[in-house]
Structure formats: C-alpha cells, structure tokens
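Engineer: Pasting the sequence and the predicted model now:
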Amino acid sequence: MSVAALRRRLRAWARRHSYSFFSSLGPLLQHRLGTLMTVLVLGIAILLPLGLFVTLKNFDRLDLRQDEWNAVSVFVAGQTEESDVRALADEAGQRNDVATVSVVSPEQGMTEFSEGSGFGASLEVLGENPLPWVLVVTPDASSGRGSAEALAPKIQALTDFFEGKEFVESVQFDYKWLQRLGRILELGRAIVLVLGLLFGVAVIVLVANTIRLDVAARADEIEVLALVGASNAFIRQPFLYSGFWYGVMGGLLALLMMYGALFYLSLPLERLLDAYGQGIEVYSLSLAQFFTLIGLSGLLGWLGAFASVQRYLRMLTVGGSLGRR
C-alpha cells in the first residue's frame, strides 16, 4: 500500500470516528429524562468510592508522628540536674534494645506545646515553666519488623530499667491511639479499592443495560446496515461512543456532587483537622486525578457498551435478526 493510500484511509478512519464521537450525543440529548436518570445513578455509584477516597486523603495529610509510635516517654522529676538527665540518656543509649534517645528540655517542651496547642499567649502568664525534662526513647525494632509482639518485651524491659532510677517520675508508652488511627486509615484504603471495583462493575452493568435498550430500539436500522455489508465494528462504533459519553457524564456529575459536598463539609472537616493540630486546607483532587477519573469513567462506560452490543451482534450473526428473538 502506498503512502498516499494509507493517508486516505487514515483520514477516512478519523472522519468516521469523529462523526460517531459527536453524533452519538444526539440520541442522548433527544431522550433527556432517560439520560438524566441514567447519569444520575452513574454519578452516585462513582461518588461513593470517590468520596471515601477524598476523605482518606485528607486524613492522610495528618501528621500522625509515626516515627514516635513505638517511643517510650520518660518524665524526669522536677529539680533534677541537667547533667543527671544527660547521664541517664547516655546510659540508656548504650543498651542493645535502644535505637535512639532524644532529650527534651523544659524550654523545648514548652515551645512545642505552645506551638501545637495554640495557647502560646496564655502560657506566657505562667511564672515559671512547669514542664520537666523528658527522654524520648525509641526501642530497637530491627527484628520482628516492629510488630507489637516483638516490641512488647523490649518496651517492658525499658520500662523496668527507667522505673528503677530514683529521679524518674513516670514512664509512658501511650501511642496506641495513633496506631489504631493508622490501621483504620489502612483499612479505609482497602475499602476504597474494594468499593471502586464493585461500583466499577455496577457502572459497567448499568451502561450495558442502557445500551441494550438502545440497540433493541434501533434493531431495524442495524439489520439494514448488516444487509448492505456494514462490518460489526461499524455497527458497534456509535454505541461504544454512547457508552463512553454515559461514563464521562456520570464522572462529571460525581465530581460536581463531590465538590458541592466538600464545600458544605469543609468547615466541620477543617475543625476536625484542627483538633489534631493540623491547620491545613481541605484536599479535593489534583488535576491529574481529575482527568484520570473522567478517563476511567468513560472507559467503564465503553466496556459496558461493548459487552452489550457484542451480545446482540452475535445474535444477529447466528439468527439473522435482532431484537425479535
């Protein structure tokens, strides 16, 4: 085949597909009520996993201080000399079951507390700093991958070691709630994946059923096209683009509802994030994620249309008639 002939075929292919791409919107706009109901159901199906995904992304932006989840906080009694605190830190750092030891002075602790709590101005009225020296001790988690079972005996050994020191007032290991929150977020991400797959199948089924009705309504037209020699690809093409448009419009509606919900929920959500000491803006979707969602929605609609039309084309090939068998 010559280059000129190839170009003519490519131009003809592009014209045919561009015509089908835009003309497939005609039947959808002619049946506005039916199209609106279908797109509404598609939008809700896409919105459910999308909303959970956006919610989790906002929680993921919280500073959960995972590096401190396994840390032991050692509170030193007041009036203890700095040299004694440093000596205790050095002694603890030489243990085989200790990874790191950080010394937090009362001044440093007050600065962190005032910045994190928002009570900086109120704390200035205090006559003296009431905070003690604190040691933040991280156990060695090189074995057992840092699991709770592997760290439990190390935590207990460190607790016994520090409680045996006369100027140690208390020992705390209280990051369980952060661990639970982190595990909940991991579970949420798994749920998003499962819901995405389930509702993706639902979108395919819904579009397939809608296209099935369109094919049945145009059965005579399709039979005439088949009789004059139209290929299956030619017959299938406008229905595939109709399914694509259903998916795209469902995705756009889901995004519109998501942005509306975020606008309504932004204030209480920001208050919740502030309760964790996180003054951040509510996350929605990046530009890449926006177009990815639209593309995936269109692809799901295309797959639903393909599954539906392919079934009827097999009926046409075997029985010679469509919509009456």
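Structural biologist: Received the coordinates, thanks. Numbering: from 1, shown residues only.
Engineer: Break down the stretch 151-300 of the chain into its helices, ranges please.
Structural biologist: Listed in chain order, the helices of the stretch 151-300 of the chain (DSSP state H, counting those that start in this stretch) span residues 176-217, 219-227, 232-275, 287-319.
Engineer: could you point out where the stretch 101-250 of the chain is predicted with low confidence?
Structural biologist: The model of the stretch 101-250 of the chain has pLDDT under 70 over residues 110, 112-130, 141-152, 174-179, 181-182.
Engineer: picking up where we left off before, format the helices of the stretch 151-300 of the chain as JSON lines; extra columns: mean neighbour count.
Structural biologist: No exception for glycine: its C-beta is placed from N, CA and C like everyone else's. What follows is those, written out as JSON lines (neighbours: other CB atoms under 10 Å):
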{"stretch": "helix 176-217", "mean neighbour count": "16"}
{"stretch": "helix 219-227", "mean neighbour count": "15"}
{"stretch": "helix 232-275", "mean neighbour count": "18"}
{"stretch": "helix 287-319", "mean neighbour count": "18"}
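Engineer: Nearest to A45, out of these?
Structural biologist: The minimum distance between A45 and these falls on helix 176-217, with 4.7 Å, by CB to CB.
Engineer: coming back round to it: please name whichever of the helices of the stretch 151-300 of the chain is nearest to T35.
Structural biologist: Comparing the helices of the stretch 151-300 of the chain by their distance to T35 (CB to CB), the top pick is helix 232-275, with 7.8 Å.
Engineer: what is the orientation angle of that closest one with helix 287-319?
Structural biologist: Taking axes from the mean of the first three to the mean of the last three CA atoms, to 10 degrees, one finds that helix 232-275 is oriented at 150 degrees with respect to helix 287-319.
Engineer: Give the other helices and strands that helix 232-275 contacts.
Structural biologist: helix 3-23, helix 25-30, helix 32-60, helix 176-217, helix 219-227, helix 287-319 (3 or more CB pairs under 8 Å, 6 or more residues apart in numbering; DSSP states H and E).
Engineer: still on that earlier bit, need the helices of the stretch 151-300 of the chain in JSON lines with distance to K165, can you?
Structural biologist: Compiled in JSON lines, the helices of the stretch 151-300 of the chain are given as follows (distance: least, CB to CB, whole Å):
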{"stretch": "helix 176-217", "distance to K165": "24"}
{"stretch": "helix 219-227", "distance to K165": "87"}
{"stretch": "helix 232-275", "distance to K165": "35"}
{"stretch": "helix 287-319", "distance to K165": "52"}
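Engineer: quick one on the thing from earlier: among the helices and strands packed on helix 232-275, which comes closest to S105?
Structural biologist: When the helices and strands packed on helix 232-275 are compared for distance to S105 using CB to CB, the nearest one is helix 176-217, at 23.8 Å.
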